[in-house]
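[1] sequence plus predicted model, see below.
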Amino acid sequence: MDESIVDTDQSPAAPASASLRDLLQLVLLPGLGPRTLARLLERFGTATKVLTADGEALACVPNVGRKLVHTIRTAGDHVCADQVLRWCDDQGVRLVRDTDADYPMGLKDLDDAPPLLFLRGDWVDQDQLSVAMVGTRHATTYGLKQAERLAFGLAKAGITVVSGLARGIDTAAHRGCLDGGGRTLAVLGGGLGEIYPAENKPLADRCSQSGAVISEQPPYAKPRSGHFPQRNRLIAAMSLATLVIEAPDRSGSLITARQAYELNRDVLALPGPVTSRTSRGCNQLIRDGAVLVQTVDDVLEAIGPMSNPVTTDEQTTIRSGAELQLNDIERSVLQAIAPESTSIDTVIAQSGLPAHRVISTISVLEMRRLIRRLSSQYVARI
């Protein structure tokens, strides 16, 4: 991490535990990237132990050379954690550790998961039901309209849209989701004090009110080119699937798609004209096995069964994206079916529906691969 806040304000910093302050101090150090930071924390256990370790022990960690050893040993000379704490307190930005309940669960699948996030807004459990929407900054009218349409539909279905607040497709995705009354997460390549592009500051404010603006970079870190691949891994990890709307054959969006593949996430793509340069990357992804997306239903079906069920604000437990397509009767029947063997008589009793309606609905749920029939009288939820 290579930028810190320059601040002449000497007002007291917001109260913070010593362990949180030490972690912030470590995260702010120049020349310390996420992978090396992860190795240091794995080796020593806590930021406090890293900061107090002797030079010989630090040098045993891969990629920690003499210069970085000196930087860690003299951490207080390089950055002022208290200034950052004051700024975060003034700006309504929270420091979220990887042990906190509101740390995005998907990030824990990363080998170099950031131990600390800067977050304005809120991450809630329902945000586990999320889809990343990414694409080129130089989008066509077709791409922008499709991004807004799909994001709007996903919002209506209860899906959180994750994107990077960049110009083009990212902006259209955030706006479409917000217009649909949904939640959206904007993951930045720079710090929260350096919103980029500047014209998207109002959009960032909207995102923080209906979701969150998130960064692993210090507040005034400039959005450098090397930060964006790091940002992209967060977008991919935070989402159940990554949907690429428009991307030329050399595009950062394809990096996000590759990272999603590496994390065993689904990759989806919107097809475009074969003559369109901005659709070459999407068409190539589809050729290589990505799910072709035309409608919101395509996205929901692609999400499929989830390893960690999510409870929505309506206290409904969602185990598959396809469940978001169900009507009230179908959802009532599904909620009455347990993952273990459940008799149809039990489903009828718990749902309060007529027997013939339950039986016909069970057939629909079976076709949608949400349940499996164990016998003529017993079913189970997948």
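    Looks like it arrived, so ask away. Numbering: from 1, shown residues only.

[2] the helix or strand encompassing R175: what's the following helix or strand?
    In this structure, R175 is located in helix 169-179 according to DSSP states H and E. Sequence order places strand 184-187 as the next helix or strand after helix 169-179, per DSSP H and E.

[3] what helices or strands is that following strand leaning on?
    When contacts are defined as 3 or more Cβ pairs under 8 Å, 6 or more residues apart in numbering; DSSP states H and E, strand 184-187 packs onto strand 160-163, helix 169-179, helix 201-209, strand 211-215, helix 227-237. Yep, even glycine has a C-beta here, placed from its N, CA and C like the rest.

[4] can you list the domains in this protein?
    The record's domain split for the chain, according to automatic domain parsing, is 1-85, 120-303, 326-381.

[5] tell me the most buried of those domains?
    Scoring those by mean neighbour count under mean count of other Cβ atoms under 10 Å gives domain 120-303 as the most buried, with a mean of 21.

[6] surely A338 is in contact with I382?
    No. Judged on Cβ atoms under 8 Å, A338 makes no contact with I382 at a distance of 11.4 Å.

[7] got the contact list for A151?
    Going by Cβ atoms under 8 Å, 6 or more residues apart in numbering, A151 touches 133, 161, 172-177, 180, 182, 184.

[8] what does the helix holding R175 contact?
    133-137, 139, 143-145, 147-152, 154-155, 160-161, 163-165, 183-184, 186, 200, 203, 206-207, 210, 245-246, 253.

[9] show me the contacts for A166.
    Neighbouring residues of A166 by Cβ under 8 Å, 6+ apart: 137, 196-197.

[10] go with 10 Å
    Counting by Cβ atoms under 10 Å, 6 or more residues apart in numbering, A166 touches 134-137, 173-174, 186, 188-189, 196-197, 200, 223, 228, 231, 252-253.

[11] how about the secondary structure of it?
    Assigned with DSSP: H, G, I helix; E, B strand; the rest coil, A166 falls in the coil class.

[12] do you know how far it is from V187?
    Separation of A166 from V187 (Cβ to Cβ, to the nearest Å) stands at 10 Å.

[13] common neighbours of these two, please.
    Common neighbours of A166 and V187, using Cβ under 10 Å, 6+ apart, are R231.

[14] just to revisit the earlier point, closest to I371 among the contacts of A151?
    Checking the contacts of A151 against I371 by Cβ to Cβ gives G182 as the nearest, at 27.6 Å.

[15] and that closest one, what are its phi and psi?
    Dihedral angles of G182 (phi, psi; degrees, to the nearest 10) stand at phi -100, psi -180.

[16] contact partners for it?
    So G182 contacts 151-161, 176, 210-211 (Cβ under 10 Å, 6+ apart).

[17] if we go to 6 Å?
    G182 sits next to A155 when contact means Cβ atoms under 6 Å, 6 or more residues apart in numbering.

[18] next SSE downstream of the one helix or strand in the chain whose mean pLDDT sits lowest?
    Ranked by mean pLDDT, DSSP states H and E, the weakest helix or strand in the chain is strand 305-311, scoring a mean of 66. The C-terminal neighbour of strand 305-311 among helices and strands, as given by DSSP H and E, is strand 317-320.

[19] so where's the stretch 1-150 of the chain shaky on pLDDT?
    Along the stretch 1-150 of the chain, the model assigns pLDDT under 70 to residues 1-16.

[20] need the strands for it, in chain order.
    Secondary structure of the stretch 1-150 of the chain by DSSP state E, counting those that start in this stretch: the strands cover 94-97, 116-121, 130-134.

[21] just put these in CSV and tack on distance to N264.
    As requested, the strands of the stretch 1-150 of the chain are arranged in CSV below (distance: least, Cβ to Cβ, whole Å):
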stretch, distance to N264
strand 94-97, 24
strand 116-121, 22
strand 130-134, 14
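
[22] what about stretch 249-256, distance to the chain center?
    17 Å (Cα atoms, centre = their mean, to the nearest Å).

[23] ditto for stretch 251-264
    Stretch 251-264 sits 13 Å away from the centroid of its parent chain (Cα atoms, centre = their mean).

[24] doesn't R369 lie inside a strand?
    No. R369: not assigned to a strand; according to three-state DSSP it is coil.

[25] need the nearest residue in space to it, chain neighbours excluded.
    Once flanking residues are discounted, R369 sits nearest to I382: 6.4 Å by Cβ to Cβ, 6 or more residues apart in numbering.

[26] let's see the pLDDT reported for that neighbour.
    Looking at I382, its pLDDT reads 83.

[27] now the helices for the stretch 251-382 of the chain?
    Using DSSP state H, counting those that start in this stretch, the helices found in the stretch 251-382 of the chain span residues 252-262, 280-287, 296-303, 328-335, 344-351, 355-367.

[28] show me what contacts T184?
    Going by Cβ under 6 Å, 6+ apart, T184 touches 161, 174, 177, 207, 211.

[29] what about stretch 171-180, average pLDDT?
    Averaged across stretch 171-180, pLDDT comes to 97.

[30] tell me the contacts of the residue lying closest to I169 once chain neighbours are set aside?
    Using Cβ to Cβ, 6+ apart and skipping the chain neighbours, the partner closest in space to I169 is G135 (2.8 Å). Applying Cβ under 6 Å, 6+ apart, we find G135 in contact with 169, 245-247, 253.

[31] quick one: which of these is nearest L268?
    I245 (9.6 Å).

[32] now that closest one, nearest residue through space, not along the chain?
    The shortest distance from I245 to any non-neighbouring residue, by Cβ to Cβ, 6+ apart, is to G135 (3.8 Å).

[33] any idea of the angle the helix ranked longest in the chain forms with helix 296-303?
    Ordering each helix of the chain by length in residues (DSSP state H) puts helix 141-156 first. Relative orientation of helix 141-156 and helix 296-303, computed by axes from the mean of the first three to the mean of the last three Cα atoms, to 10 degrees: 70 degrees.
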